[in-house]
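In: build me a model:
(2 chains)
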Amino acid sequence: AQTVTQSQPEMSVQEAETVTLSCTYDTSESDYYLFWYKQPPSRQMILVIRQEAYKQQNATENRFSVNFQKAAKSFSLKISDSQLGDAAMYFCAYRSGDAGNMLTFGGGTRLMVKP
Amino acid sequence: NAGVTQTPKFRILKIGQSMTLQCAQDMNHNYMYWYRQDPGMGLKLIYYSVGAGITDKGEVPNGYNVSRSTTEDFPLRLELAAPSQTSVYFCASSYLSGANYGYTFGSGTRLTVV
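Out: Below is the predicted model of the structure:
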């Protein structure tokens, strides 16, 4: 079974600064997908960014980018120019390419943004 | 354009009571999932379904049951509620072959068992 580990329970960043959230995963599969989800106080799960394992190029979505290191099984999220609205829980998730396609989540990192 | 709709949003149950959490999606997604999120924790898979009439257990299925009689609906049944089932429950759906897509999540149901 796959496991996803987020080693930082809490992080804080100054507004307009850059922060990196860490995620590692364990798998024996070659075909899989990785995601970062944001969960604000409203509880809604919001997809931030996705990465296909077969792609070497790191995904980017506006101020959000990832550093995908497949050999190291590492998938960190970088948030540039942090904004107050970025404050939330962030979850890293792994999805197998096999049937069922279940998402396995990490334990989450709470990001605080200081004005 | 509703996406995934969960009802109710909040519920308080007494120990031993039963209830059904409703989940409906209007995107014609084949795959549907139920997760629970305990305070300060990540989401854990309870049950999932790859299509109407097909369900399977996830990581934490004990105390729950599901059914999938239609593509749209995937209710979660709690029998004999226990305090350990106090949690936030999320329903989600996705395309059959869209592994490169994330899920579409409902807004969650906060359940308290007292």
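In: for chain B, what lies in contact range of chain A?
Out: Residues of chain B lying close to chain A (Cβ under 8 Å from any Cβ of the partner chain) are B:31, B:33, B:35, B:40-45, B:48, B:50, B:56, B:58, B:88, B:90, B:92, B:94, B:98-103, B:105, B:107-108, B:110. Any C-beta I mention is one placed from the backbone N, CA and C, and that applies to glycine too.
In: those residues in helices, which ones?
Out: Members of the residues of chain B next to chain A lying in helices (criterion: DSSP state H): none.
In: so who does the nearest residue to residue A:6 once chain neighbours are set aside touch?
Out: Among residues not flanking residue A:6 along the chain, residue A:106 sits closest, at 3.9 Å (Cβ to Cβ, 6 or more residues apart in numbering or on different chains). By Cβ atoms under 8 Å, 6 or more residues apart in numbering or on different chains, residue A:106 lies in contact with A:4, A:5, A:6, A:23, A:91, A:92, A:93, B:42.
In: mind listing the strands for the chain?
Out: All of this is about chain A. Ranges of strands in chain A, per DSSP state E, are A:3-5, A:10-14, A:19-21, A:24-26, A:32-39, A:46-52, A:60-61, A:64-69, A:74-79, A:88-96, A:103-105, A:109-114.
In: please go with chain B instead
Out: B:4-7, B:10-13, B:19-25, B:31-37, B:43-51, B:54-57, B:64-66, B:76-78, B:87-94, B:104-105, B:109-113.
In: got a list of contacts for the third one?
Out: Think strand B:19-25. Strand B:19-25 has contacts (Cβ under 8 Å, 6+ apart) with B:3-8, B:11, B:13, B:32, B:34, B:72-78, B:81, B:89, B:91, B:93, B:104, B:106, B:109, B:111.
In: with just CA atoms, put it into PDB.
Out: Written as PDB, here are the backbone C-alpha positions of strand B:19-25 (Å, rounded to 0.1, in the frame of the first residue of the first chain):
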ATOM      1  CA  MET B  19     -28.300   7.600   9.900                       C
ATOM      2  CA  THR B  20     -27.600   7.900   6.200                       C
ATOM      3  CA  LEU B  21     -25.300  10.500   4.700                       C
ATOM      4  CA  GLN B  22     -26.400  11.400   1.300                       C
ATOM      5  CA  CYS B  23     -24.100  12.100  -1.700                       C
ATOM      6  CA  ALA B  24     -25.200  12.900  -5.300                       C
ATOM      7  CA  GLN B  25     -23.200  14.000  -8.300                       C
END
